[in-house]
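**Student:** only geometry, no sequence info:
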């Protein structure tokens, strides 16, 4: 069995983010100046954190963020990232390029909550979840090929203590975990990921965590981390344990100048 860590980072700010416009998949904008600063900040925060693999959405705002993180990293500056379309933002159909208030108005007109509403041509939350499950299958198969022979016991995934927030460190949850995967993706996508890991896969939660924080929107360059246990069966690798270390961490943004 193998223990490994998944660290999710949302991309830095774009001008569309600042103006509260929906990007989805059809609007592929670069990082703003603030987004570049956020990328540098999260890169510095994670600079001494070693990654075994790096998977990135193939939209440029995610790619730029990952490039900055790797450039700052003392262990992985030359590592090649894997561009993965399965990590792209949720598709918002006809709402892409429009203000978020337009999406809310569409949802109200349809008698649905904004979170659950799917604009014409957009992806449902279940479709986004299916993309993430496909990504996990790709990742698990790679783990099977590369780490099976040297995989340690995964039985202690849920037993390792999670540090309290005041003592937070960039390496929280990584002690004794041999494989660390960085995933750079998008806000709506990461929100679906967290809900799937917590609600569907029943991962263990940090002591005292508030559900409102756990499921809150991820800030630009916000960090979330999970430790997973992977077992091998006759039908292939399966998830045998999961633990949430933290979600939506933004310690690295505290000293950035406030956006105008």
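**Tutor:** Nice, I can see it. Predicted model, so just to flag it, every value in this text is computed and none were measured.

**Student:** make it CA atoms for all contacts and neighbour counts henceforth
**Tutor:** Fine.

**Student:** okay, and residue 26 sits in which element?
**Tutor:** Counting by DSSP states H and E, no helix or strand carries residue 26.

**Student:** how about low-confidence regions in the chain?
**Tutor:** The chain contains residues with pLDDT under 70 at 148-167, 258-260.

**Student:** what do you get if the cut-off is 50, keeping everything else the same?
**Tutor:** Counting by pLDDT under 50, the chain shows low-confidence ranges at 153-166, 260.

**Student:** next, the buried residues of stretch 10-18.
**Tutor:** For stretch 10-18, the buried set under the neighbour-count rule, 16 or more other CA atoms under 10 Å, comprises 10, 11, 12, 13, 14, 16, 17.

**Student:** from the rest of the structure, what touches it?
**Tutor:** Contacts with stretch 10-18, where a contact means CA atoms under 8 Å, 6 or more residues apart in numbering, come from 22-23, 29-32, 34-36, 38-39, 61-62, 65-66, 184-187, 190, 218-223.

**Student:** biggest helix in the chain, by residue count?
**Tutor:** helix 125-147 (DSSP state H).

**Student:** residue 42 belongs to a helix?
**Tutor:** Yes. The assignment for residue 42 is a helix, going by DSSP: H, G, I helix; E, B strand; the rest coil.

**Student:** three-state assignment of the nearest residue to it once chain neighbours are set aside?
**Tutor:** Sequence neighbours aside, residue 252 is the residue nearest to residue 42 in space, at 5.8 Å (criterion: CA to CA, 6 or more residues apart in numbering). At residue 252, secondary structure determined by three-state DSSP is helix.

**Student:** number of nearby residues for residue 252?
**Tutor:** Residue 252 is flanked by 20 other residues according to other CA atoms under 10 Å.

**Student:** now do residue 116
**Tutor:** Residue 116, neighbours per other CA under 10 Å, totals 11.

**Student:** isn't it right up against residue 126?
**Tutor:** No. Contact criterion CA atoms under 8 Å: residue 116 and residue 126 do not qualify, at 10.0 Å.

**Student:** how about the nearest residue to residue 40, chain neighbours excluded?
**Tutor:** Nearest non-adjacent residue to residue 40 (CA to CA, 6+ apart): residue 68, at 6.2 Å.

**Student:** quick check: phi and psi on residue 110?
**Tutor:** phi -90, psi 0 (degrees, to the nearest 10).

**Student:** residue contacts, it?
**Tutor:** Neighbour list for residue 110: empty [criterion: CA under 8 Å, 6+ apart].

**Student:** distance of it from residue 80?
**Tutor:** 44 Å (CA to CA, to the nearest Å).
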